[in-house]
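Peer 1: return a 3D structure for these sequence lines:
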Amino acid sequence: MAVRVGVLGATGAVGQRLIQLLEPHPEFEIAALTASESSAGHTYQEAAKWRVDSPIPDEIGEMTVTATDPDDVPDDVDLIFSSLPSSVGAEVEPGFCEAGYIVSSNSSNSRMAADVPLVIPEVNADHLDLLEVQRDERGWDGALVKNPNCSTITFVPTLAALTEFGLEKVHVSTLQAVSGAGYDGVTSMEIIDNAIPYIGSEEDKLETESRKLLGEFDGAELNQNSMAVSASCNRIPTIDGHLENVWVETEDDLTPEAAAEAMESYPSLDLRSSPDPLIHVFDEPDRPQPRMDRTLGNGMAIAAGGLQETPFGLQYNCLAHNTIRGAAGASVLNGELLLENGYL
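Peer 2: Numbering: from 1, shown residues only. Have a look, this model is predicted:
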C-alpha cells in the first residue's frame, strides 16, 4: 500500500516538480496539496500556473488546495514534502513536526541546525540517525530532514568519491541556471547576453553544507569535515542544469585517472530514485554540458568530466539538474530513504 503524502508549497516551481515526480511513484500517493491563503479553496488546476514540461495529472488538477496548516492536512498523511520559501518554512515546518508529521524539506531554513539531518542518501544516509537526537531534544512525534542546496548537491557526491585521498582544500566556481532563482527570480533584461557573478547567500551554503554533509555522526552529535571550502557563484542564461568547476587539494597524491575511477565506482543505493551509476564520468574534454547532460539518470545523476592536474590540485567539472536532483528529486529520494529506514 502506497504511503500517503502531502506537498507544501505545491503551486511553486519545486512543488510542481514534486508533483511530476510523485504522481507516478509506486510507493507514494499524493493526498494533500497546500499553498498560500489566496490559493486555498481552489482546485489545483485553478491555483497553479503550471510550468513543468508535462501536463498536470488529471486527478491532481481536480484536487482542492488547502492552507498550509497541519489542521488542514488529513491525519492519515504520513509524509510531508516541503518546497516552501525558507522564511515560511521556518514558521510552519516545526508545527507539522509537532503535529506528528515526518517532513522531507527542500527549504533552506534549519539545514545547519545541529539536530537536523542534512542528507544526500548516497553520501551520508547514516546521518538520518540524527532524527532520534532531534526527537529527544525537541519532543516531536514527527521529524524534519533536509536536502541541501541545489549547487551543493552538484559537487558533494564527487567529493564524497574522493574522501579516501584525504580532502584538504576545495574551491568551487558555479555556473547556475536561471531556474534556480524561481520563475520570477531573474528578469530577462538581467540575464540575456549576461552573467551575474553573485547569488545572495549561495556561497555560504556551498561552504558550510558541504562540510556538514561529509562530516561524521558519532551517535550523539555530528562532527563536520575539516576540509577548507571556498566558493564563487555565478548566474548564467541556461534554463536548467548547474555546471560547476572544482579544484581539489588532497593529502595523498590524486591523479585524474584515480579520481575518474573513484567517481565511476562510487556506489548508488537500492532506492527507486537513486541512479546507477550515480556519477557519470566523461572522457571528452568539453563535457558535461547542461543542455546535453542534465537529464542523465532521469535528472538524478551527477555528471563529471575535464579531469586534469593543475598547480592548484585536481581540477574537474561537474553538473546536475538543479530542479530535479538539486531540489524536488532530492526530497523524494530522502522520502524513499525514510521509508526504507522504517520512519514511515
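Peer 1: so is F81 in a helix, a strand, or just coil?
Peer 2: For F81, the assignment made with DSSP: H, G, I helix; E, B strand; the rest coil gives strand.
Peer 1: nope, T158 is what I was after
Peer 2: Classification of T158 using three-state DSSP returns helix.
Peer 1: show me the contact partners of stretch 59-73.
Peer 2: Contact with stretch 59-73 is made by 6, 8-11, 19, 23, 30, 32-37, 39-45, 47, 80, 84, 88, 92, 95-96, 98-99, 101, as judged by CB atoms under 8 Å, 6 or more residues apart in numbering. Every residue, glycine included, has its C-beta placed from N, CA and C.
Peer 1: of these, select the buried ones using a ChimeraX command.
Peer 2: The ChimeraX command for the buried members of those (criterion: 16 or more other CB atoms under 10 Å) is given here:
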select :6,8,9,10,11,19,23,30,32,33,34,35,39,40,44,47,80,84,88,92,96,99,101
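Peer 1: what residue of the protein is the furthest out?
Peer 2: Farthest-out residue of the chain from its mean C-alpha position, per CA atoms, centre = their mean: P311, at 31.9 Å.
Peer 1: quick one: that one from L333, how far?
Peer 2: Distance of P311 to L333, given as CB to CB, to the nearest Å: 37 Å.
Peer 1: point out where the chain drops to low pLDDT.
Peer 2: Nowhere does the chain drop to pLDDT under 70.
Peer 1: do a quick rundown of the strands in it.
Peer 2: For the chain, the strands defined by DSSP state E occupy 3-8, 28-35, 66-67, 79-82, 102-105, 143-146, 167-176, 216-217, 222-223, 228-235, 242-250, 279-281, 302-310, 313-320.
Peer 1: can you list the domain ranges for the chain.
Peer 2: 3-149+327-340, 150-321 (automatic domain parsing).
Peer 1: compute the first-to-last residue distance for the last one.
Peer 2: By that I understand domain 150-321. Counting by CA to CA, to the nearest Å, you get 8 Å between the two ends of domain 150-321.
Peer 1: with the shortest one instead?
Peer 2: In terms of CA to CA, the two terminal residues of domain 3-149+327-340 are separated by 12 Å.
Peer 1: try stretch 140-153
Peer 2: So stretch 140-153: terminal residues 28 Å apart, CA to CA.
Peer 1: got the CA positions of stretch 306-313 in CSV?
Peer 2: The C-alpha trace of stretch 306-313 is given here as CSV (Å, rounded to 0.1, in the frame of the first residue of the first chain):
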residue,chain,number,x,y,z
GLY,A,306,37.5,17.5,-17.7
LEU,A,307,39.7,15.9,-15.1
GLN,A,308,43.2,17.3,-15.1
GLU,A,309,46.2,18.1,-12.9
THR,A,310,46.9,21.8,-12.2
PRO,A,311,49.2,23.7,-9.9
PHE,A,312,46.2,24.1,-7.6
GLY,A,313,45.4,20.3,-7.4
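Peer 1: next, the buried residues of it.
Peer 2: Buried, per 16+ other CB under 10 Å, within stretch 306-313: G306, L307, G313.
Peer 1: between those, which sits nearest T187?
Peer 2: Nearest to T187, judged by CB to CB, of the buried residues of stretch 306-313 is G306 at 31.6 Å.
Peer 1: so the closest one is in contact with L314, correct?
Peer 2: No. Using CB atoms under 8 Å as the test, G306 is too far from L314 to be in contact (10.5 Å).
Peer 1: any idea what the nearest residue to F282 once chain neighbours are set aside is bridged to?
Peer 2: Distances taken as CB to CB, 6 or more residues apart in numbering put G305 closest to F282, at 3.5 Å, once the chain neighbours are dropped. Beta-bridge partners of G305, counted by DSSP bridges, are N317.
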